[in-house]
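**Q** Got a sequence here, can you build the structure:
(one chain, ligands or ions: 2)
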Amino acid sequence: MKPCPFIAVEGAIGAGKTTLATMLSDRFDIPLLKEIVEENPFLDKFYQNIEEWSFQLEMFFLCNRYKQLEDTGLQYVSRHQPVISDYHIYKNLIFAQRTLKGVKLDKYRQIYHLLTEDLPKPNIVIYIRASLDTLQKRIQMRGREFETAIDPAYLQQLIEDYETAFAELAEREPGTRIITVNGDEMDFVEHPEHFEHIAAQVKELL
Ligand SMILES: Nc1ncnc2c1ncn2[C@@H]1O[C@H](COP(=O)(O)OP(=O)(O)OP(=O)(O)O)[C@@H](O)[C@H]1O
Ligand SMILES: Nc1nc(=O)c2ncn([C@H]3C[C@H](O)[C@@H](CO)O3)c2[nH]1
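**A** Residues are numbered from 1 along each chain as shown. Ligands and ions are numbered 1, 2, ... in the order given. All right, here's what the predicted structure looks like:
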């Protein structure tokens, strides 16, 4: 018997996670867990001054996701009900390792491992890989005011961090199915056939 699907869509900022997760949720009638962005009190300040605000921001994301995944465990996973989310908890570590240093990073890592060790983990991960150019275009198109301050160098580093992190995840968790989507070529917003191609791969795993 196939395990009950817990699907996470991942990729760097603006890769299309929420868009694809929403489309898949509609297609397969699977409840969607969405990240709350607009109510985050630190994002704006963070993009203005990363060093000053990174610890508050990373802890805020970690606590919010912890709460959401704890609820998910109770509501869906432990009842063998499928669920799809537009993030994987692992992204906390990817970002924090880029934005925190020294003692704060050490403390954060300890808290991250403590909080996440018994959380439900996705068994299907869709990783949208996209270039700097594509991400910048999408971030600009979406037009969130606070993201106009994103430094391209930060975004480029995140792209590379995601590559490393997903290679590590594949090695560490061979049982997790990872579907990699070429986000530069797959325009699942404008081209229905591109979405169908992704949906067909997901369907095989359900
Ligand atoms: N494959 C795609 N082709 C064209 N446009 C896309 C594609 N995916 C997303 N978009 C557009 O790019 C913008 C960003 O998409 P979305 O909000 O889904 O990204 P995200 O990865 O969830 O972002 P974040 O990292 O900020 O949570 C949106 O305006 C969306 O319509
Ligand atoms: N520093 C940092 N850590 C995270 O865990 C994290 N998760 C998302 N983000 C940023 C990307 C988008 O601008 C916006 C919405 O995804 O929030 C993060 N930033």
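**Q** Now the residue in the chain positioned nearest to ligand 1: closest residue in space, sequence neighbours ignored.
**A** Nearest to ligand 1, among the residues of the chain, is Gly16, at 2.6 Å (Cβ to the nearest ligand atom). For every residue, glycine as well, the C-beta is placed using N, CA and C. Residue nearest to Gly16 in three dimensions, not counting chain neighbours: Ile128, with 5.4 Å by Cβ to Cβ, 6 or more residues apart in numbering.
**Q** What score does Met1 have for pLDDT?
**A** pLDDT recorded at Met1 is 67.
**Q** typo on my end, Glu39
**A** 80.
**Q** so who does the residue nearest to Gly16 touch?
**A** 9-11, 15-17, 20, 181, 183, 186 (Cβ atoms under 8 Å, 6 or more residues apart in numbering).
**Q** Repeat that for Ala21.
**A** 7, 9, 32, 34, 84-86.
**Q** give me the number of residues near the closest residue to Leu32 other than its chain neighbours?
**A** What sits nearest to Leu32 in space, not counting adjacent residues and going by Cβ to Cβ, 6+ apart, is Ser25, at 3.8 Å. Counted with other Cβ atoms under 10 Å, residues neighbouring Ser25 total 21.
**Q** Might one say that Ser25 is in contact with Pro31?
**A** Yes - between Ser25 and Pro31 there is a contact under Cβ atoms under 8 Å: 6.9 Å.
**Q** just to revisit the earlier point, neighbours of the residue of the chain closest to ligand 1, how many?
**A** Residues within reach of Gly16, counting by other Cβ under 10 Å, total 23.
**Q** Equivalent analysis for Tyr112, please.
**A** Neighbours around Tyr112, by other Cβ under 10 Å: 20.
**Q** Repeat that for Pro122.
**A** The local packing of Pro122 (other Cβ under 10 Å) involves 25 other residues.
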